[in-house]
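Enquirer: quick check, what structure comes out for this input:
(one chain, ligands or ions: 3)
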Amino acid sequence: MNDSLDLSIEKAISLIKESSNIYIASHVQPDGDNIGSILALGMAIKKMNKDVNILKVDEVPSDYRFLPNVELIKEYEIPSTVDLFIALDSSDMNRLGLGKEFALKAEKIINIDHHITNDKFGDINIISDSSGATGEIVYQVIKKMNVDIDRYIATCLYTAISTDTGSFMYSNTTYSTHMIIAELMKTGIDINDINVNLYQSRSIERTRLFINSLNNLELHLDGKIGIVYVTQEMLRANNAKLEDTEGIVSFIRDIDSVEVACLLKEIKEDEVKVSLRSKRNIDVAKISSRYNGGGHMRAAGCTINATIEEAKMSILNEIEMAFR
Ligand code: AMP
Ligand code: MN
Ligand code: MN
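Expert: Ligands and ions are numbered 1, 2, ... in the order given. Okay, the predicted model is just below:
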């Protein structure tokens with residue numbers, strides 16, 4: 001943590017202490033880092049005897065429904081006033097979905113994130129792109145709040161950090177990541193139980209969708225690019241949901257020749273969500289930014305308003321250009 005980050009954290013804590021009517025929100029299609037971070041920070045603020053509303057902007061994927069206090073994530077009517085809005089793991093306001101309506105009403109916004117593409121939309125921005133997960137920054141914030149990190153908070157932070165670092169395997173895993181995890185483990189959390197919930201509880205529907213999607217795998221540029229798609233029809237045929245695409249893109253990335261993996265998810269007829277992963281030197285956040293998306297060097301995403309075929313042609317072209 002550098003000095004300016006420390007200062008922003010202190011300012012954020014003062015602001016939280018002064019505010020009532022506080023909202024925390026997830027981003028659209030929330031992931032483990034996002035759900036773990038909003039729950040941990042929400043619980044910590046409650047421990048300061050402050051009321052806080054944790055806004056649901058999208059379904060919580062089944063992977064994270066085991067988390068303690070997950071039922072605190074609820075739908076709320078858009079209020080007439082909001083004192084403080086806290087965004088976590090969101091690089092820009094459009095990532096907030098419905099939460100954006102709440103953010104626009106807010107007197108003050110705190111923006112806590114680790115995306116290099118973050119556009120600093122908050123009044124207070126706590127941005128650390130060297131952090132493996134937003135959960136790592138939330139850990140620092142909670143430490144400074146002087147709130148006791150109990151097993152519930154620790155379980156949520158462990159989940160946030162483990163999921164965004166590929167179980168501590170990706171290059172965003174640092175010395176500090178492991179130090180934080182060591183501190184969390186001191187609380188007595190059951191990491192086997194957390195890991196079974198996170199990584200060894202795949203439904204048969206998800207498994208079938210996975211097999212189905214591999215059938216349309218295409219390799220390009222001497223196998224350096226791997227691309228697969230999932231259509232609405234494939235979801236229906238396998239009785240699966242969009243969240244069940246989790247794990248497909250990383251599996252494609254793990255093919256030996258592949259440097260960039262791409263998954264195209266048909267949301268509607270002319271809307272495709274793209275997930276990109278890279279293994280070594282290609283910056284997929286840069287590719288995503290051409291479509292107003294973002295993310296990290298080795299994991300990024302965007303939305304393309306086109307049919308799945310058109311989206312595939314377009315993104316394939318952009319990925320190929322990145323190799324030049
Ligand atoms: P995903 O492929 O959805 O798992 O996302 C991979 C990474 O890219 C995550 O860090 C996301 O936060 C980020 N990301 C995904 N979609 C977008 C988007 N439309 N805009 C900005 N960042 C995104
Ligand atoms: Mn996220
Ligand atoms: Mn994250």
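Enquirer: check which element follows whichever strand or helix holds residue 274 along the chain.
Expert: If you go by DSSP states H and E, residue 274 is part of strand 271-278. Next in sequence after strand 271-278, counting helices and strands by DSSP H and E, comes helix 284-289.
Enquirer: give me every residue in this protein lying close to ligand 3.
Expert: 33, 89, 134, 164 (C-beta under 5 Å from the ion). Any C-beta I mention is one placed from the backbone N, CA and C, and that applies to glycine too.
Enquirer: kindly provide the distance from the first one to residue 177.
Expert: Meaning residue 33. 12 Å (C-beta to C-beta, to the nearest Å).
Enquirer: how about residues contacting stretch 135-145?
Expert: Under the criterion C-beta atoms under 8 Å, 6 or more residues apart in numbering, residues 1, 5-6, 9-10, 12-13, 16, 33, 36-37, 40-41, 44, 48, 88, 112-114, 126, 128, 131, 149, 153, 156-157, 159-161, 164, 176-177, 180, 183-184 lie in contact with stretch 135-145.
Enquirer: buried subset of those, written for ChimeraX?
Expert: Filtering the contacts of stretch 135-145 down to the buried ones (16 or more other C-beta atoms under 10 Å) takes a single ChimeraX command:
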select :1,5,9,12,13,16,33,36,37,40,41,44,88,112,113,114,126,128,131,149,153,156,157,159,160,161,164,176,177,180,184
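Enquirer: need phi/psi at the spatially closest residue to residue 79 that is not a sequence neighbour.
Expert: In this structure, residue 79 finds its nearest non-sequential neighbour in residue 105, 6.7 Å apart by C-beta to C-beta, 6 or more residues apart in numbering. When read as degrees, to the nearest 10, the backbone of residue 105 gives phi -80, psi -10.
Enquirer: surely residue 168 meets residue 177?
Expert: Yes: Residue 168 is within contact range of residue 177, at 6.6 Å (criterion: C-beta atoms under 8 Å).
Enquirer: name the residues contacting each of these two.
Expert: residue 161.
Enquirer: run through who's touching the worst-scoring helix or strand of the chain on mean pLDDT.
Expert: One helix or strand of the chain scores below all others by mean pLDDT, DSSP states H and E: strand 294-295, with a mean of 92. With contact meaning C-beta under 8 Å, 6+ apart, strand 294-295 is reached by 91, 92, 115, 117, 276, 284, 285, 288, 300, 301, 302.
Enquirer: let me see the confidence value for the third one.
Expert: Model confidence at residue 115, expressed as pLDDT, equals 94.
Enquirer: name the helix or strand for it, please.
Expert: For residue 115, there is no host helix or strand (DSSP H and E).
Enquirer: one more: the fourth one?
Expert: Element membership of residue 117, judged by DSSP H and E, is empty: it is in no helix or strand.
Enquirer: what's the closest non-adjacent residue to it?
Expert: Residue nearest to residue 117 in three dimensions, not counting chain neighbours: residue 294, with 3.5 Å by C-beta to C-beta, 6+ apart.
Enquirer: also the first one?
Expert: If you skip the residues right next to it in sequence, residue 91 has residue 115 as its closest partner in space, 3.9 Å away by C-beta to C-beta, 6+ apart.
Enquirer: how about the last one?
Expert: Distance criterion C-beta to C-beta, 6+ apart; nearest residue to residue 302, sequence neighbours excluded, is residue 293 at 2.3 Å.
Enquirer: wait, what's in contact with the one you found?
Expert: Contacts of residue 293 by C-beta under 8 Å, 6+ apart are 274, 300, 301, 302, 303.
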